[in-house]
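Trainee: Got a sequence here, can you model it:
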Amino acid sequence: QVQLRESGGGLVQAGGSLSLSCAASGRLFSSYGMGWFRKALGKAREFVAAVGLSGRSTYYADAVKGRFTISRDNAENTVYLQMNSLKPEDTAVYYCAASRHQAGSLLYLQNQYDYWGQGTQVTVSS
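Mentor: Got it, this is the predicted structure:
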């Protein structure tokens, strides 16, 4: 069982930056593929970014490529999402998720994840 807790959300002006963290409880964090998803008001939850077991493999949605960076620290049981050049359309609740069985290119699929955090609100003002 893994518990995930996101932090770092807040209000920022367009063009600004925020850094999200997701701390995982339990052992074997390094054996989970990790991802970030987001859900904007009135829209379905969507993939943002994912990272493989060691951190070398990363995957991004087209909408955030070049602006967001996902990373992980297996010693600290934490995954990060650095968000730069934020846009109002990035406003959403951001969720961290962990996958027991997937660590590769299918990490963009929500059904590959077994554990989800409660989410943290990111609001980008224009």
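Trainee: Nearest residue to the residue nearest to the spatial centre of the chain in space, please, no chain neighbours.
Mentor: Centroid-nearest residue in the chain: Trp36, 2.1 Å away (criterion: CA atoms, centre = their mean). Spatial nearest neighbour of Trp36, excluding adjacent residues (CB to CB, 6 or more residues apart in numbering): Val48 at 4.3 Å. Bear in mind the C-beta positions are built from the backbone N, C-alpha and C, glycine included.
Trainee: Touching, that neighbour and Phe37? I think so.
Mentor: Yes. The criterion here is CB atoms under 8 Å, and Val48 meets it with Phe37 at 5.8 Å.
Trainee: Return the distance of stretch 83-93 from the chain's centre.
Mentor: Here stretch 83-93 is found 13 Å from its chain centre; the criterion is CA atoms, centre = their mean, to the nearest Å.
Trainee: Run through the strands of the protein in chain order.
Mentor: Here the chain has its strands, by DSSP state E, at 4-7, 10-13, 18-24, 33-39, 46-51, 58-60, 68-73, 78-83, 92-99, 115-116, 120-125.
Trainee: I'd like those as TSV, with mean pLDDT appended.
Mentor: Rendered in TSV, the data for the strands of the chain read as follows (pLDDT from 0 to 100):
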stretch	mean pLDDT
strand 4-7	97
strand 10-13	98
strand 18-24	98
strand 33-39	98
strand 46-51	98
strand 58-60	97
strand 68-73	98
strand 78-83	98
strand 92-99	98
strand 115-116	97
strand 120-125	98
